[in-house]
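Colleague: here is my input, please return the structure:
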Amino acid sequence: MRTALTTAVVAGLGVLVLTAGSAGPAPADRSRGHDRVITFDVQFTGFFLLDFSATGVREVTAIDDPALSPSRGDQIVFEDTLLQAGDTVGAGGGTCTVTSVVPADPPINLSCQVSYQLLDGQVVAQGRASNAPVKTLAIVGGTGRYVGASGELELTELGNAENTGTLVLRLDRR
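Modeller: Here you go, the predicted model:
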């Protein structure tokens, strides 16, 4: 059971690295008005976790590390590449803190803060997530073209050998 939980946790944490891109506006009609949807391809960076334990802090850089045992307070740190039609169009980085490890599927709860540097400004998001492949966070602000941004972000980890995913920004227009 412990090995299965650790494997699930490690796989989920390793893919959590948020970011990415292929952008294109797609207006949608909602009760609040029109939204702008931007989609990116994500190239995740390697796994990096700060493991805070009773014996001290250590860096974990491989999700197959046999000593990996996620616990409350551990932090995942990431910096990823955003792509559009195969070209780099930005980057995203942030941290997710493990808030609980529970006997459930998915077994890890996280609190995440992330910022994305795009060609025409930044978008900032935060919220609760898990080690499930799809994560939804609230867009809480931005700079440049994205000043006053709100909406939601959806990150999908594809779980492939290339370590890629997709990121969808749904920006509310005011």
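Colleague: make it CA atoms for all contacts and neighbour counts henceforth
Modeller: Fine.
Colleague: next SSE downstream of the helix or strand bottoming out on mean pLDDT in the chain?
Modeller: Lowest by mean pLDDT, DSSP states H and E among the helices and strands of the chain is strand 28-30, with a mean of 38. Per DSSP states H and E, strand 28-30 leads on to strand 33-43 as the next helix or strand towards the C-terminus.
Colleague: for that next one, list every residue counted as buried.
Modeller: By neighbour count on 16 or more other Cα atoms under 10 Å, the buried set for strand 33-43 is 35-43.
Colleague: show me what the helix or strand just after it is packed up against.
Modeller: As assigned by DSSP H and E, the chain's next helix or strand after strand 33-43 is strand 49-53. When contacts are defined as 3 or more Cα pairs under 8 Å, 6 or more residues apart in numbering; DSSP states H and E, strand 49-53 sits against strand 56-60, strand 75-84.
Colleague: so can I have JSON lines of the ones you listed showing mean neighbour count and distance to Val134?
Modeller: JSON lines is the format used below for these (neighbours: other Cα atoms under 10 Å; distance: least, Cα to Cα, whole Å):
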{"stretch": "strand 56-60", "mean neighbour count": "12", "distance to Val134": "23"}
{"stretch": "strand 75-84", "mean neighbour count": "23", "distance to Val134": "17"}
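Colleague: just put the ones you listed in CSV and tack on distance to Ala149 and mean pLDDT.
Modeller: Shown next, in CSV, are the helices and strands packed on strand 49-53 (distance: least, Cα to Cα, whole Å; pLDDT from 0 to 100):
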stretch, distance to Ala149, mean pLDDT
strand 56-60, 34, 91
strand 75-84, 19, 96
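Colleague: want to throw those into JSON lines with distance to Arg170?
Modeller: Shown next, in JSON lines, are the helices and strands packed on strand 49-53 (distance: least, Cα to Cα, whole Å):
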{"stretch": "strand 56-60", "distance to Arg170": "33"}
{"stretch": "strand 75-84", "distance to Arg170": "16"}
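Colleague: indicate which one of those strands is closest to Ala129.
Modeller: strand 75-84 (12.4 Å; Cα to Cα).
Colleague: just checking: what are the partner strands of the helix or strand that comes right after the closest one?
Modeller: Sequence order places strand 87-101 as the next helix or strand after strand 75-84, per DSSP H and E. Looking at strand 87-101 with DSSP bridges, its partner strands are strand 75-84 (antiparallel), strand 108-118 (antiparallel).
Colleague: what separation do you get for Leu137 and Ser115?
Modeller: Using Cα to Cα, to the nearest Å, Leu137 is found at 11 Å from Ser115.
Colleague: repeat for Val42
Modeller: 14 Å.
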